[in-house]
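Q: any chance you can model this:
(2 chains, ligands or ions: 2)
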Amino acid sequence: MLTLPKKELITFLIFAVVVLSMPVWLIPFGASYPGLLQTFAIFGLFAVGFNILFGLTGYLSFGHAAFLGVGSYTAVWSFKLFTMNPIPAIIFAIIISGVFALLIGFISLRRSGIYFSILTLAFAQMSYNLAYSVLTPVTNGETGLALTMQDPRIIDLAFSERGEALPQVALFGLNMAGYGGFYFAAIILILGYFVAQKIAISPFGMMLKGIKSNQNRMGYTGLNTKPYTLAAFVISGMYAGLAGGLLAVTDPLAGAERMQWTASGEIVLMVVLGGIGTIFGPVLGAWIIKYFANIFSAINENILHNMFSFLPASVQDFLVPLLALFVGEGWELTMGLMFVLVVVFLPGGLMEGYRRIAVRISAMSSKETKSVDKPAQTDKQAGGE
Amino acid sequence: MATAKHNTVLHVADVHMRFGGLHALADIDLEIEEGKIHAIIGPNGAGKSTLLNVCVGRLAPTSGAVVFDGQVITGMKPHEINQIGVARVFQTPEIFSDLSVMENVMAPAFAKRDGAFRLNFMKNVGQEKEIRQEAEHFIEDVGMTAELETPAGSLSRGDKRRLELAMCLIQHPRLLLLDEPTAGMSRHDTNTTIELLKKIKARGMTKVIIEHDMHVVFSLADKISVLAQGRIIAEGDPETVRNDPEVKKAYLGGAQE
Ligand SMILES: Nc1ncnc2c1ncn2[C@@H]1O[C@H](COP(=O)(O)OP(=O)(O)O)[C@@H](O)[C@H]1O
Ligand SMILES: [Mg+2]
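A: Residues are numbered from 1 along each chain as shown, chains lettered A, B, ... in the order given. Ligands and ions are numbered 1, 2, ... in the order given. You can find the predicted model right below:
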């Protein structure tokens, strides 16, 4: 039941090691600090879930940030009302965002293609606006929802006295603000990755791919596409809600800006950049975009001068202002250029680039080792084309 | 509505289909008998594909009804009609281009076993041994064993049709509707397909086949209906239809000129 075929199992184990060792291998990239590590894990999870809808089923939602926001608000409410333990918070986040996804999905999925995308966008903008207006009692409007000294926290306060300061999110004593929060999010990312792998290779996943490939044929094949697309929508909405819940776990504050359309657009960029339909690609896309947003945007001319201090002053004076265009405020320019290059030259995203390189390398190594077998192999390839 | 005979599987009763001013189907009354191969012939634009569209729920007729196995299926959704035993091969192949040949044939088998919807993500496709074996069997039937893992989109047109046939056969439908199953095939592939259809006929599956190729029609059909400009102008066994003066004038004669 909880098994993976060998190939997927190996990918899974490698992924788990890569994620858990991020604090180490991100050091040379200057990205190994808890805040950014948490972001990597959380948005990786968001992207994995988004891909279940977009990559497998072929439905492009422009409103998934709404579920991220719902997850955050839910988690903060769980801290305020019940306990600072992150586990109930993320469970509620999954459930409530799932309910929202069910409602929004049910209506949006009455249409497909661009109309579906526009409907999801409309719903997300509606949620965003409601969070600032009618729903202020729930969301605390522009100030954002935060913990206060008066929160009931009925479960926690049943066992201990109210302290002097604001409480912190902690899992049985392990503080979620620093590395603890990263490892908590990392383990959930790994679990989420496993579930996505299971879905992709299951009969259910095959039906989703069938819908993406030819929705009409699905009907004449006896399959009801509606519940399949709705299930995919709800699952990906729950992933988004879980990611939103984790944002609140690592920093117990929820604001509506998380639900803005730019946030919904960003997740689309992440998935496309990394590789639609692959499982690791979206995670990679999320990491790269978040890396650029946090590291590139922090580089300024002074840092550049230091980097190039080994060069003669005249070269420096030429090079630094030029490079400065692409860092600091200009990080979005770099990101945009990279995105355009990938979409034009690698429509399958960075994962396609990886596959192409892997094919080249294996072709080269088989040429060296199996020169005797070579004629047969080329024959076969020619026949296949 | 005429009373359906005891062994009628499909009854198309007084069906009209209008597209704006075009009367694509006019007063069609058709009975398809259990276990028989019923051919529908007629010139291009006669309304043959439209008739099948009405039968599988792609189109709702302007008036009239389609009755399958005693149940009115007009107004039902395509997947509901398929679930009660009607499968169709389309004129332009409708397959899952991004999936492999194997997956294309497994999907309809899942639909047959699990119904229209099942949240089955505990198992891996690879663990579904029975369905896989059955799919292999039907892929072998249509002679495509060499292409098991090929993405269906890259197949030749003839292979796509044969794949679609396997996708239908694996469902063991009571009624199989074939819209020009040999169009675009070489003579050799056409003959293979005819042999295959004869083999399935022996299994007692009822079939409606639309075909241009008279060689195919006369070597397969038990009964023929001739459609021209949305009307049935002749009906009967192959011999009768071949000698019908109306048919000669409207269709066969025209084709030979
Ligand atoms: N969905 C549709 N909308 C409008 N006209 C259609 C539609 N489907 C078919 N027709 C028209 O109905 C007529 C019959 O088409 P069709 O059933 O495809 O003919 P056949 O399959 O016998 O060649 C044609 O004139 C065609 O243009
Ligand atoms: Mg036609």
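
Q: now the strands for the chain?
A: Picking chain A for this. Counting by DSSP state E, the segments of chain A that form strands are A:145-146, A:170-171, A:174-175, A:253-254.

Q: correction: the question concerned chain B.
A: B:8-19, B:22-33, B:37-41, B:63-68, B:71-72, B:86-89, B:175-179, B:206-210, B:223-228, B:231-236.

Q: indicate the residue of chain A located nearest to ligand 1.
A: A:Asn216 (13.3 Å; Cβ to the nearest ligand atom). Placement of C-beta: from N, CA and C, glycine included.

Q: could you report the neighbour count for the spatially closest residue to that residue that is not a sequence neighbour?
A: Nearest residue to A:Asn216, sequence neighbours excluded (Cβ to Cβ, 6 or more residues apart in numbering or on different chains): B:Glu94, at 6.3 Å. Other residues near B:Glu94 come to 20 when the count uses other Cβ atoms under 10 Å in any protein chain shown.

Q: related to what we said a few turns ago, can you check which of the strands of chain B gets nearest to A:Ile235?
A: When those are compared by Cβ to Cβ, strand B:86-89 sits nearest A:Ile235, at 30.0 Å.

Q: about what we covered before: just the strands of chain B: most buried one?
A: strand B:86-89 (a mean of 28; mean count of other Cβ atoms under 10 Å in any protein chain shown).

Q: who are the packing partners of that strand?
A: Counting contacts by 3 or more Cβ pairs under 8 Å, 6 or more residues apart in numbering or on different chains; DSSP states H and E, strand B:86-89 is packed against helix B:48-56, helix B:157-169, strand B:175-179.

Q: residues from the stretch 101-250 of chain B in reach of ligand 1?
A: Neighbours of ligand 1 within the stretch 101-250 of chain B, by Cβ under 6 Å from any ligand atom: none found.

Q: quick one: residues contacting A:Gly353.
A: A:342, A:346 (Cβ atoms under 8 Å, 6 or more residues apart in numbering or on different chains).

Q: and it, how far from A:Trp331?
A: 21 Å (Cβ to Cβ, to the nearest Å).

Q: shaky segments in the stretch 1-150 of chain B?
A: The model of the stretch 1-150 of chain B has pLDDT under 70 over residues B:1-6.

Q: please list the residues of it that sit near chain A.
A: B:56-58, B:77-79, B:82-83, B:87-88, B:90, B:94-99, B:103, B:106-108, B:110-112, B:114, B:116-126, B:128, B:150 (Cβ under 8 Å from any Cβ of the partner chain).

Q: from the residues you listed, which land in helices?
A: With helices defined by DSSP state H, the entries of those inside them are B:56, B:78-79, B:82-83, B:103, B:106-108, B:110-112, B:114.

Q: centre of the chain to the helix of greatest length in chain B, how far?
A: Longest helix in chain B, counting residues (DSSP H): helix B:187-202. What separates the centre of helix B:187-202 from the centre of its chain is 14 Å, taken as Cα atoms, centre = their mean, to the nearest Å.

Q: against which helices or strands is that helix packed?
A: helix B:157-169, strand B:206-210, helix B:214-220.

Q: returning to that earlier point: mind putting the helices and strands packed on strand B:86-89 in JSON lines, distance to A:Gly348 included?
A: Formatted as JSON lines, the helices and strands packed on strand B:86-89 follow (distance: least, Cβ to Cβ, whole Å):
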{"stretch": "helix B:48-56", "distance to A:Gly348": "35"}
{"stretch": "helix B:157-169", "distance to A:Gly348": "24"}
{"stretch": "strand B:175-179", "distance to A:Gly348": "34"}
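
Q: can you list contacts of stretch B:146-159?
A: A:384, B:93, B:95-102, B:104, B:136, B:139, B:144, B:160, B:163, B:184-186, B:189.

Q: in that stretch, what counts as buried?
A: Judged by neighbour count (16 or more other Cβ atoms under 10 Å in any protein chain shown), stretch B:146-159 contains these buried residues: B:147, B:150-152, B:155, B:158-159.

Q: and which of those is nearest A:Thr148?
A: B:Pro151 (57.3 Å).

Q: contacting residues around the residue in the stretch 151-257 of chain B positioned nearest to ligand 2?
A: Closest to ligand 2 within the stretch 151-257 of chain B is B:Asp179: 6.0 Å, counting by Cβ to the ion. Neighbour list for B:Asp179: B:48-49, B:52, B:88-91, B:210 [criterion: Cβ under 8 Å, 6+ apart].

Q: surely B:Val86 touches B:Val67?
A: No: with contact defined as Cβ atoms under 8 Å, B:Val86 does not count as touching B:Val67 (11.8 Å).

Q: picking that back up, dump the residue contacts of the residue nearest to A:Asn216.
A: Here B:Glu94 is in contact with A:214, A:216-217, A:220, B:164 (criterion: Cβ under 8 Å, 6+ apart).

Q: out of those residues, which end up buried?
A: Applying 16+ other Cβ under 10 Å to these flags A:214, A:217, A:220, B:164 as buried.

Q: distance from the chain centre to stretch B:51-70, please.
A: 14 Å.

Q: no no, stretch B:141-159
A: 19 Å.

Q: kindly report the same for stretch B:220-227.
A: The answer for stretch B:220-227 is 14 Å, by Cα atoms, centre = their mean.

Q: before we move on, what about stretch A:344-364?
A: The answer for stretch A:344-364 is 22 Å, by Cα atoms, centre = their mean.

Q: buried residues, that stretch. List them.
A: For stretch A:344-364, using 16+ other Cβ under 10 Å, the buried residues are A:346, A:348-352, A:354.

Q: near ligand 2, which of these show up?
A: The subset of the buried residues of stretch A:344-364 lying close to ligand 2, counting by Cβ under 5 Å from the ion, is empty.

Q: the residues you listed: which ones sit near ligand 1?
A: Among the buried residues of stretch A:344-364, ligand 1 is touched by none when using Cβ under 6 Å from any ligand atom.
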